[in-house]
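> Sequence and predicted structure below; questions after.
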Amino acid sequence: MLVGIDVTHPGPGSVKGTPSIAAVVASFEDSYAQYPCSLEIQETKKEVCGPLCYCFTGSAFIILCRWSRI
């Protein structure tokens, strides 16, 4: 399994209080071609991925559902 995590922040000149976005992607197949994604909005300019647990749980749930069909 490959997992990617990132947080993106509002650019200069954006409206004050614009939230940051945290994302998690995870592969769920042998060819590493598909990556379900979970996104969460969080406090602006916060680099720590606060909702990471929820994001990763969502990706893991998708993976388990796919594997259980095999």
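Alright, I've got the coordinates. Numbers count the residues shown, from 1 in each chain.

> host element of residue 65?
Residue 65 belongs to helix 52-68 when assigned by DSSP states H and E.

> okay but residue 28 is in contact with residue 37, surely?
No - counting by C-beta atoms under 8 Å, residue 28 sits too far from residue 37 to count as a contact (11.5 Å). For every residue, glycine as well, the C-beta is placed using N, CA and C.

> Mind checking which of those two has more residues around it?
More crowded of residue 28 and residue 37, by other C-beta atoms under 10 Å: residue 28, with 19 against 13.

> Poorly predicted segments of this protein, please.
Along the chain, the model assigns pLDDT under 70 to residues 49-64, 66-70.

> all strands in it, in order from the N-terminus.
Here the chain has its strands, by DSSP state E, at 3-8, 20-26, 37-42.

> nearest to residue 14, of those strands?
Each of those has some distance to residue 14 by C-beta to C-beta; the shortest is strand 20-26, at 10.7 Å.

> helices and strands around the closest one, which ones?
Counting contacts by 3 or more C-beta pairs under 8 Å, 6 or more residues apart in numbering; DSSP states H and E, strand 20-26 packs against strand 3-8, strand 37-42, helix 52-68.

> what's the angle from it to strand 37-42?
Orientation of strand 20-26 against strand 37-42 (axes from the mean of the first three to the mean of the last three C-alpha atoms, to 10 degrees) gives an angle of 160 degrees.

> which residues touch residue 32?
Residues near residue 32 by C-beta atoms under 8 Å, 6 or more residues apart in numbering: residue 2.

> One more pass at 10 Å, please.
Applying C-beta atoms under 10 Å, 6 or more residues apart in numbering to residue 32 gives the contacts 1, 2.
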